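A.B. asks: pasting the sequence and the predicted model now:
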Amino acid sequence: MGAGPSAQGGRPRPERDLRAERAAALARRCAAAAATDSGVDHLVCACGGERYGVPLAAVAQVLPSRPATPMPGAVPALDGLVALSGRIVGVLSLARALGRPDPASDADAAGHMIVLRGVHPQPLALAVDRVLGIARAPGAVAAAGAGAADPDRLGNEAASVYAPASGAAGDGRPDFVVIDLPRLLRRALP
């Protein structure tokens, strides 16, 4: 069991050589699988007529929107504070944080809060019109969104890159704009 025949005249090969070959083959197979599945999942949400994707790894939970207590003197993008599971959570309007107009208030549209996971010292949630679902952006697009967004400073650098995603998220449109959360929070919360 310790050795197998080799291609060189039928001489048995040492077991360590066989194990090294198997390990290399498994590593190649894992690398190939990672290359074909290199996309990043995003929670796709609607703000006005636009669709935005928040990296799913940064999302702790999604809740129905609730009234927020306004804070005097707060930054314009901050809707206010809510109590959530014994913690005070700041609610940031995604539309205002991106410099977009506030959506027209609809009595029927309750909206959602996306509670973020560990992106800021203070617990935060994003207020959006509606959460549509989860979609995967290609790995190259997601990586470009993290570093190469708006090099000439001509646009909104927090809305970093357009993603033609795989799988429609809720409304049948498979495209969205990837949000760079660290940039968004640096701009919206000085």
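C.D. replies: All right, it came through fine.

A.B. asks: going forward, measure contacts between C-alpha atoms and count neighbours the same way
C.D. replies: OK.

A.B. asks: low-confidence stretches in the protein?
C.D. replies: Applying pLDDT under 70 to the chain flags residues 1-10, 30-38, 103-109, 119, 139-174, 190.

A.B. asks: quick one, strands of it?
C.D. replies: 4-5, 12-13, 40-47, 50-55, 59-64, 78-84, 87-93, 112-116, 124-128, 130-137, 159-164, 175-179 (DSSP state E).

A.B. asks: turn those strands into a markdown table, columns for distance to Ala188.
C.D. replies: Below are the strands of the chain laid out as a markdown table (distance: least, Cα to Cα, whole Å):
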| stretch | distance to Ala188 |
| --- | --- |
| strand 4-5 | 64 |
| strand 12-13 | 64 |
| strand 40-47 | 16 |
| strand 50-55 | 16 |
| strand 59-64 | 18 |
| strand 78-84 | 8 |
| strand 87-93 | 8 |
| strand 112-116 | 15 |
| strand 124-128 | 12 |
| strand 130-137 | 21 |
| strand 159-164 | 12 |
| strand 175-179 | 13 |
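
A.B. asks: for Glu21, find the nearest of the ones you listed.
C.D. replies: Each of the strands of the chain was scored for nearness to Glu21 using Cα to Cα, and the closest is strand 12-13 (11.3 Å).

A.B. asks: which neighbours does that closest one have in its sheet, and in what orientation?
C.D. replies: Paired strands of strand 12-13, with direction, are strand 4-5 (antiparallel) (DSSP bridges).

A.B. asks: wouldn't Val54 be in contact with Pro182 here?
C.D. replies: No. Look at Val54 against Pro182 with Cα atoms under 8 Å: they stay out of range, at 11.1 Å.

A.B. asks: related to what we said a few turns ago, dump the strands of the chain to CSV, plus mean neighbour count.
C.D. replies: Listed next are the strands of the chain as CSV, based on neighbours: other Cα atoms under 10 Å:
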stretch, mean neighbour count
strand 4-5, 12
strand 12-13, 14
strand 40-47, 22
strand 50-55, 22
strand 59-64, 14
strand 78-84, 18
strand 87-93, 20
strand 112-116, 22
strand 124-128, 25
strand 130-137, 22
strand 159-164, 21
strand 175-179, 24
